[in-house]
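In: Quick one: sequence and predicted model below, then my questions.
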Amino acid sequence: MAGTLQRQPTVTPARRLAWRAGAVVTALAITTLFLALSGRDPRLLADLVVRSTVGSRFGLEDLALFLTPLLLTGAAVTVTGRIGVWNIGAEGQFYAGAIGATAIGLFLPGPSWLLLPLMAASGIACGMGWILVPALARAYAGVNEIITTLLLNFVAGLLTTYLAVGPWHDRVTGALASTGRLPVRIPEIWGVVHWGFPIALAIVLGLAWLTTRTRWGYQITIGGANEQAARYAGIPVRARILGVMLLSGGLAALAGMFEVAGTVHRLQGGLANNFGYFGIVVAVLARGSCLNVLPAALLMAFILNAGIVLQTQQLTSSAVLAITGLVLFMIAIADELAHYRPVTIRPVTPRPATSAEARP
Amino acid sequence: MIDLLTGMLSTAILAGGVLALAALGEVLAERVGVTNLGVEGLMSMGAVVAIITVVATPNPWLGLLAATLAGAAGGMAFAFATVIVRANQVLCGLAVTFLGLGLSASIGHDYAGVPSPATFGRVPVPGLSALPVIGPAFFGQNVPVYLIYLVLPAAAHWVMFHTRHGLAMRAVGENPAAADAAGLPVTALRFWYVTLGAGLAGAAGGYLTLTYVPVWSEGLVAGRGWIALALVIFAGYRPFGATLSGLLFGLITALSFVGQARNWPIAPAFLNMLPYLGTIAFIIVPVVVWHRMRRIMAAPAALGVPYHRDVR
């Protein structure tokens, strides 16, 4: 009898979840080891992390503030993933949304009940415009969307900084690196948590329904599973790719609008804070299911919130990026390893003829 | 005017060298069928490791070596995950980018703003460097420039297209199952070429801080890794294609410098967008304008697909 590993084509959800939990724990263990080796007390840090996230009112509010953009950027990357497209440009669309919203907020006078929807609409339109060229190129010319969407992130970052320090900069307080404070803001519902949070939750739930319970969502799923088969079945795959990518750009842009109108209140360089990139991690954790975006974004928000604590302990904010990378790396490996199961190969032993024939 | 042209060409060669080197590394990885999206992170690691090394021992060659080794080490981790475990290449690549950017910023925290104490000096070629305009740009550069533009691509081209080993390497990227059946070591070839390519990405990062931008700061690489990835497509997966497209993008970068130096009526922010917008245009326009381009510049057939011997 010999034992060997055999690759199974499918993995049960429970099995995958177990492997992924193992991956996250491994990544966090490696991080802890690093922190301990660099002379910090992991138990003290763990205590601080718990107290500043789920262990206090302020922690929970911060968690919700992190969660709001992550839900939207995570959903943005998830919906394109369903048709087999990677939108790595959520960061840029986030900036585009923030710019579009700020343009209305700064320069259009009006009551906030009118301005806020206008800001959202303008932001979403800018986000969709931002992804339009990569989406058209991907849908109709097959140009690699990973690179085109990503490169536009740098352009959006430069444009945001240019506007914030240049033509739109704050002339009242003379702050050099940001625009003036927006005259309107999304009203708060709980401490510093604004209405963007429940709206983002509702949008994710709506998307879950849209992607799994509608004809449109079904066409997306089939297009992602097998493009050729989908075309043969009469599904306009190119139009669907374009539509999904525009939706994705709009979602990421709405996150930018919420951030600028609900949390930061002014446009400034670095506003997106890597939320677009962390949205990719959320989408990977969610594995294409919009409903799974909820727990995935919660985990990511927890890591980001914990990162704030680490910053108070003389660690740079980039440590969070490294930790996230490690989590992603471990999950990618775990996802593949989950396919393997030990099987035993028994040598075929010739049975005695009499006993075989004696059985009915 | 002549001075301006000379300066622009010199800058183009330096700026383009970074991209050319990283793109050449990625050509090697993609030719064996592995997309390494971690170039940006590997370059960042190389950049910071080079600075840390030359601060300790002011020898730029040691810095470049350390950067190469750092890139190769990251590449080995990536190759372990994607070639041996056969995990998703897009995910692992993004993970390596995040890890590289985060780790380099963390370990480089104390070196932020420290100018590199040792850089590659210019070594003019006697006679040729006195030529007007092109002399200083092409023959008055530092030694790595000649390695990047001539020696490395020539070596890669010769190995890839004129040796049996190169045929084996390309076969692994086109049809790993057939290569495997022919007795070629698919896993080993993929593993070592991905590692080598990542080493060149690390070297590109080191070259960046040892010549072109001789000071470390967070976000220094600023998307050059992603531009290099795009250049590989534009280069049609060929070594000299990578070098030439690197030079072309060096020229675009130099153009934005000239614009800033001469006070063109365009905000510097927009000039700085040129390399990114140019890259996007250069990978979209050819396939739209000229359909045959898709076949000529086709990617290796098995690019991005993990090879499982038992699943065909």
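Out: Looks like it arrived, so ask away. Residues are numbered from 1 along each chain as shown, chains lettered A, B, ... in the order given.
In: okay, now the domains of chain A?
Out: Here the domain parsing of chain A from automatic domain parsing is A:1-40+A:317-360, A:67-312.
In: Can you tell me which of these is nearest to B:T209?
Out: Nearest to B:T209, of all the domains of chain A, is domain A:1-40+A:317-360, at 17.0 Å by Cβ to Cβ. No exception for glycine: its C-beta is placed from N, CA and C like everyone else's.
In: Please work out the average pLDDT along the closest one.
Out: Domain A:1-40+A:317-360 comes out with an average pLDDT of 81.
In: Please give the centre-to-centre distance between it and its chain.
Out: With Cα atoms, centre = their mean, to the nearest Å as the basis, domain A:1-40+A:317-360 stands 25 Å off its chain's centre.
In: So is it next to chain B?
Out: Yes. Contact check for domain A:1-40+A:317-360 against chain B, using Cβ under 8 Å from any Cβ of the partner chain: residues in range are A:6-7, A:9, A:318-326, A:328-329, A:331-333, A:335-337.
In: Just the buried subset of the residues you listed, please.
Out: By neighbour count, with 16 or more other Cβ atoms under 10 Å in any protein chain shown, those hold A:318-326, A:328-329, A:331-333, A:335-337 as buried.
In: Just those residues: which are in helices?
Out: A:318-326, A:328-329, A:331-333, A:335-337 (DSSP state H).
In: lowest-confidence stretch among the domains of chain A?
Out: Lowest mean pLDDT of these: domain A:1-40+A:317-360, a mean of 81.
In: In the stretch 101-250 of chain B, what residue lies closest to chain A?
Out: The minimum distance from the stretch 101-250 of chain B to chain A, using Cβ to the nearest Cβ, falls at B:G102 (2.8 Å).
In: can you count the residues close to the closest residue to A:G217 other than its chain neighbours?
Out: Using Cβ to Cβ, 6 or more residues apart in numbering or on different chains and skipping the chain neighbours, the partner closest in space to A:G217 is A:T211 (4.0 Å). When neighbours are defined as other Cβ atoms under 10 Å in any protein chain shown, A:T211 has 23 of them.
In: The strand or helix carrying A:T211: which residues count as buried?
Out: In this structure, A:T211 sits in helix A:196-213 according to DSSP states H and E. With burial defined by 16+ other Cβ under 10 Å, the residues of helix A:196-213 counted as buried are A:196-197, A:199-201, A:203-204, A:207-208, A:210-211.
In: quick check, nearest of those to chain B?
Out: Set against chain B, the nearest of these by Cβ to the nearest Cβ is A:T211 (20.6 Å).
In: how near is B:G173 to B:Y237?
Out: 9 Å (Cβ to Cβ, to the nearest Å).
In: Tell me where the stretch 251-360 of chain A has strands.
Out: Along the stretch 251-360 of chain A, the stretches classed as strands by DSSP state E, counting those that start in this stretch are A:340-345.
In: ugh, wrong one, the stretch 101-250 of chain A
Out: Assigned by DSSP E, counting those that start in this stretch, the stretch 101-250 of chain A shows strands spanning A:188-190, A:193-194.
In: Quick one, which of those strands gets closest to chain B.
Out: The closest of the strands of the stretch 101-250 of chain A to chain B is strand A:193-194. By Cβ to the nearest Cβ, the value is 27.6 Å.
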